[in-house]
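# here you go, sequence then predicted model.
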Amino acid sequence: MRWLLFIATVCLGLCLVELRRLETNDVTMGREAKLAQFKVRRCVMGLFDITIHAKNLKNATDARRVFVSNYNSEKEEAEKCVEANIPVVAQFLSEDEKRNYNDTVRALIKVADQFNENDGERVILFAEHGGLECSGSYDNCPHFDPDYILNPKTKMNCTEYRKFKDCVIATTQNNCTSNIPAIIIKDYLNFLERFLCTNDKIIRNKRSLRRIVRDLGMGEKLPHIKKKLMSACQEQEGKLNKSLDKMQECIDEKQIFITPRDVYIAHLDLCSKPIIKELDDCLPEQFRYLPKFLFKLVDSVVRLLYDDFYEIAVGLGPCVSKLNTPESEQDYHACIHKVAESNDDEIPESKAEFCEKFLPITKCFTKQINDTCKHTPDLDKFSRDYIKAMEDPCNA
């Protein structure tokens, strides 16, 4: 099996077959949803088709030009296609199946990015070092049932996948005189495995996500701010509490991660408009910046959760249990109190003053990560992105 066939079977056959199975097995799914599911599969497969066709270009400069012009535009179209069609399919799935289906598609786009990064450098390197000719056949490798790859109805056997992966890598090493093809295949399969075999309980650990969003990285200050805001609008407290309940009901109408990122953020903004207006009407002039600013901060955190989903799952996930130990929690709270001890209890009267006082507190979380967790590129990227997510609303 040559590299072309390897890409087609391992990535498309193993990963996307679960989308086809769901289409044929679920008789309750209507024609519209089946069509949407087909569109999602076709759009994601298109990202890999570019890889497959580009390998026919012998000239590296021409190949890179193809990737620059084609892959970026194809990815943009694929993401629009996915955002438009996943909600149509998701209405026929259970909550677990929705998450699994959504994660599958997102994982495959990530894999396509990994393989095609640097304008398709890996495809070109693989071809230039004889990978298309020497990668050989994987018929002697352990059978790996593609029906279990991220199928919403089943759980993948990661042990069998690793046996398959090790055999493919060894076969490539034995058949190729250059070590480049084996390195590329190993990197690709390891990257794919990190999506397929990440512990669901870690990825979906509610304490992990709550930890990231908790007080928007501002320790114990936001509950205090909310109390102060309600106190400033004491005459409207009953009405505000009802509006908060309605806002939460509105937010609950769409699920995070199942709903496309920009759609979900627009939904949050729509749900928060009434409460922001009510607070604007009753707050003193110097505090009216705060409600809208806080919800912009929420938007920024949600954007982080979507954009760094992989880094959270793979980089932060394995360290959640350590972050939740009493010792680590104690150090975290000690940092918050140390940074915040110079702050008074009054609400800042401007966004600039708010950011000056509270942004240093956000770094207590990244300090805890640095002090507690094993450093990895994924974790380091999340830490940087987390701080940026806190800073962006202040810089806007």
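Alright, I've got the coordinates.
# what residues does the helix or strand in which residue 380 is found touch?
Using DSSP states H and E, residue 380 sits in helix 377-395. When contacts are defined by C-beta atoms under 8 Å, 6 or more residues apart in numbering, helix 377-395 is touched by residues 212, 216-217, 293, 296-297, 299-301, 303-304, 307-308, 310-312, 314-316, 319, 351-352, 354-355, 359, 362-363, 365-366, 369-370, 373. Just so you know, the C-beta spots here come from the backbone N, C-alpha and C atoms, and that holds for glycine as well.
# of those, grab the buried ones for PyMOL.
To isolate the buried members of the contacts of helix 377-395 in PyMOL, using 16 or more other C-beta atoms under 10 Å:
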select buried, resi 212+216+217+293+296+297+299+300+301+303+304+308+310+311+312+314+315+316+319+351+354+355+359+362+363+365+366+369+373
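# let me know the pLDDT of the closest residue to residue 281 other than its chain neighbours.
Here the nearest residue to residue 281 in space, its sequence neighbours aside, is residue 236; by C-beta to C-beta, 6 or more residues apart in numbering that works out to 8.0 Å. Per-residue pLDDT puts residue 236 at 78.
# also residue 215?
38.
# report the secondary structure state of residue 332.
Following DSSP: H, G, I helix; E, B strand; the rest coil, residue 332 is assigned to helix.
# so how far is residue 165 from it?
From residue 332 over to residue 165 the distance is 38 Å, taken as C-beta to C-beta, to the nearest Å.
# neighbour count winner among those two?
Taking neighbours as other C-beta atoms under 10 Å, residue 332 and residue 165 compare with residue 165 leading, 23 against 19.
# these two touch, right, the more buried one and residue 185?
No - the pair residue 165 and residue 185 fails to qualify as a contact (C-beta atoms under 8 Å) at a distance of 9.0 Å.
# on that earlier part again, among the contacts of helix 377-395, name the ones in strands.
Cross-referencing those against strands under DSSP state E gives no overlap.
# give me the contacts around the helix or strand hosting residue 86.
Element membership of residue 86 [criterion: DSSP H and E] is helix 72-90. With C-beta under 8 Å, 6+ apart as the test, helix 72-90 has contacts from 29, 32-33, 36-37, 39-40, 42-44, 46-47, 50, 98, 101-102, 105, 109, 112-113, 258-260, 262-263.
# and that helix, what's buried?
74, 75, 78, 79, 81, 82, 85, 86, 87, 88, 89, 90.
# can you name the two of the residues you listed that sit furthest apart?
Using C-beta to C-beta, those span at most 23.6 Å, a distance reached by 74 and 90.
# where are the low-confidence patches of the stretch 251-396 of the chain?
Applying pLDDT under 70 to the stretch 251-396 of the chain flags residues 257-258, 341-345.
# quick one, domains of the protein?
Here the domain parsing of the chain from automatic domain parsing is 3-197, 205-395.
# so who does residue 302 touch?
By C-beta under 8 Å, 6+ apart, the neighbours of residue 302 are 256, 261, 264, 265, 268.
# before we move on, what about residue 270?
When contacts are counted by C-beta under 8 Å, 6+ apart, residue 270 touches residue 250.
# run a quick neighbour tally on residue 382.
22.
# how about it, nearest residue that isn't a chain neighbour?
Among residues not flanking residue 382 along the chain, residue 311 sits closest, at 4.2 Å (C-beta to C-beta, 6+ apart).
# let me see the contact set for that neighbour.
Contacts for residue 311 were tallied using C-beta under 8 Å, 6+ apart; they are 378, 379, 381, 382, 385.
# returning to that earlier point: what average pLDDT does the helix holding residue 86 get?
Averaging pLDDT along helix 72-90 gives 79.
# give the buried residues for the helix or strand in which residue 264 is found.
In the assignment (DSSP H and E), residue 264 maps to helix 261-282. Using 16+ other C-beta under 10 Å as the test for burial, helix 261-282 gives 261, 264, 265, 267, 268, 271, 272, 275, 276, 278, 279, 282.
# same question for stretch 367-378.
Buried-residue list, stretch 367-378, by 16+ other C-beta under 10 Å: 368, 369, 372, 373, 378.
# from those, which land in helices?
Within the buried residues of stretch 367-378, residues falling in helices by DSSP state H are 368, 369, 372, 378.
# the first one reaches residue 332, doesn't it?
Yes - Residue 368 is in contact with residue 332 according to C-beta under 8 Å; the separation is 4.6 Å.
# overlap in contacts, those two.
Common neighbours of residue 368 and residue 332 (C-beta under 8 Å, 6+ apart) are residue 323.
# list the residues that contact residue 273.
Contacts of residue 273 (C-beta under 8 Å, 6+ apart): none.
# relative to residue 292, how far out is it?
Note on residue 273: its distance to residue 292, by C-beta to C-beta, is 10 Å.
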